[in-house]
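Engineer: Please find the sequence and the predicted model below.
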Amino acid sequence: MRCVIARYPFDLTKDGVMDSMKGITAEPVTGESVTIGRRRYPVKQVGEIVTRQDRRDFTSGEVVRAMVRLGFTCHEHPTAPVQALTPLQSASAQLGAPGTWEA
């Protein structure tokens, strides 16, 4: 598939992107991300590796559009870990600890 990223045309294929990302350790996701194989990569990291351009030269939207057209799943925000309450926090909340009820 032909796409334009940072004003340069690229011929990308799904297999080519997967091969490029093989063996690459995913950086921490802080914004938009793309799932390639079983890993989630920041779209800027994928764009940098696939195009061999500096991350400042393209937007994450350009990479997201290309990845979606290739059939990859893109995500808008990072998944936030669910923070479970400790037993003490849970008991305090049930007993009406300050700041846990609404006025």
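Structural biologist: Sure, I can see it.
Engineer: Is Leu88 in a helix, a strand, or coil?
Structural biologist: helix (DSSP: H, G, I helix; E, B strand; the rest coil).
Engineer: Out of the helices and strands in the protein, which is least certain?
Structural biologist: helix 87-94 (a mean of 82; mean pLDDT, DSSP states H and E).
Engineer: CA atoms only: put that helix into CSV for me.
Structural biologist: Written as CSV, here are the backbone C-alpha positions of helix 87-94 (Å, rounded to 0.1, in the frame of the first residue of the first chain):
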residue,chain,number,x,y,z
PRO,A,87,-8.3,-4.1,52.7
LEU,A,88,-7.7,-1.1,55.0
GLN,A,89,-8.7,1.4,52.3
SER,A,90,-11.8,-0.6,51.5
ALA,A,91,-12.8,-0.8,55.1
SER,A,92,-12.2,2.9,55.7
ALA,A,93,-14.3,3.7,52.7
GLN,A,94,-17.2,1.6,53.9
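Engineer: any weak-confidence spans in this protein?
Structural biologist: The chain contains residues with pLDDT under 70 at 78-82, 97-103.
Engineer: give the contact list for the residue nearest the centre of the chain.
Structural biologist: Note on the chain: the residue nearest the mean C-alpha position is Ser33, at 1.7 Å, using CA atoms, centre = their mean. For Ser33, the contact set (CB atoms under 8 Å, 6 or more residues apart in numbering) comprises 40-43, 74-75, 78. Bear in mind the C-beta positions are built from the backbone N, C-alpha and C, glycine included.
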